[in-house]
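S.K.: My questions concern the predicted model and sequence given below.
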Amino acid sequence: MSNKKHKEIDHEESESESESEERDYEKESDLDSDGNFVGDTEIQADFEGRNPEDCDFHGIKQLLRQLFLKTNVDLGALTEIIISQNYIGSVVKQCLDDPDDDDDENDGSDGVFGVTTVINITKRKQEPAIKQVTALLLQLAEENAKDDTKALIKKILSDDANHVGFVINERILNIPAAISVPLFSSLQSELDKAIQKNMPYTFQYLIWICKTYNIGEDASEILYANQEEKPLEDEALARFDVDVSEQVELSQWDYEGGAMTPGRRILIFEGKKFNDLVRLIKEEVESGPVF
């Protein structure tokens, strides 16, 4: 029998609400222009959170590709870092029909539908993949941010006394936002336990790359791919937007009559705000339908 640590991601709610929050839908099709899986056939499935394992490598790497697209980051090496700190963060996998089948021959490694974690990029700054992530953030800030934001990014990425956490919150398109609540609650608990053991997870700053879409005639309105991230921007010390339309095969498509162009919004937070961010995620999900 496997000794995997499974994490509870269910919600105790009415059956009608469970249909939208406890039952997630995977669509069978190809990828959209931003690297997300989309399609027309809905399949009901239950999901659970687990600690990342070696068998999740390819699934996590694919999810990271959705976020980083064609940037110069070694996604395989970054995936190995996520798995190496498997006491922090979760992957989302489909529940097995029979828990007794959860052995070495049927370990659920056939699909990873989401990953939520945080990496200390200050502590790991000498690792090649983290150097690439840091270089990417500096480049994106230089090309897209205002002067004060550029200065802040340079400061926090060069000061070893202030540890920076890089938050990753990525999932397949059609997994509802409700799943983010237990995933971040679990991450919150894991960080607390790690800090109690004097592990390097006390962050002075957090950096979060959100997938977004610019919509409307003048592309002035922002739609978040992970809608639970929308209220977080009000808590950010700084933010800037990046156009990634040149990195995807199709840069625009129709959204309620207007153009919809993929982008990235980089948010920078004080590390002490993390618990507030988790609270805002929960409030956003509980305030109404979030898909």
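M.R.: All right, it came through fine.

S.K.: mind listing the strands in the chain by residue range?
M.R.: 6-7, 24-27, 42-45, 47-50, 90-94, 114-120, 164-171, 205-215, 221-224, 238-243, 253-255, 258-270 (DSSP state E).

S.K.: so where is the stretch 151-291 of the chain shaky, pLDDT-wise?
M.R.: For the stretch 151-291 of the chain, the stretches with pLDDT under 70 are 216-220, 249-259, 288-291.

S.K.: returning to what we had before: dump the strands of the chain into JSON lines; add distance to R279 as well.
M.R.: Where you see a C-beta, it was placed from the backbone N, CA and C, and this is true even at glycine. Conversion of the strands of the chain to JSON lines gives the following (distance: least, Cβ to Cβ, whole Å):
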{"stretch": "strand 6-7", "distance to R279": "19"}
{"stretch": "strand 24-27", "distance to R279": "23"}
{"stretch": "strand 42-45", "distance to R279": "29"}
{"stretch": "strand 47-50", "distance to R279": "19"}
{"stretch": "strand 90-94", "distance to R279": "19"}
{"stretch": "strand 114-120", "distance to R279": "16"}
{"stretch": "strand 164-171", "distance to R279": "15"}
{"stretch": "strand 205-215", "distance to R279": "15"}
{"stretch": "strand 221-224", "distance to R279": "17"}
{"stretch": "strand 238-243", "distance to R279": "19"}
{"stretch": "strand 253-255", "distance to R279": "30"}
{"stretch": "strand 258-270", "distance to R279": "13"}
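
S.K.: would a markdown table of these with distance to E283 and mean neighbour count be doable?
M.R.: Output for these, formatted as a markdown table (distance: least, Cβ to Cβ, whole Å; neighbours: other Cβ atoms under 10 Å):
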| stretch | distance to E283 | mean neighbour count |
| --- | --- | --- |
| strand 6-7 | 21 | 18 |
| strand 24-27 | 21 | 18 |
| strand 42-45 | 27 | 12 |
| strand 47-50 | 20 | 21 |
| strand 90-94 | 21 | 24 |
| strand 114-120 | 18 | 24 |
| strand 164-171 | 16 | 23 |
| strand 205-215 | 17 | 22 |
| strand 221-224 | 15 | 16 |
| strand 238-243 | 20 | 17 |
| strand 253-255 | 26 | 12 |
| strand 258-270 | 17 | 20 |
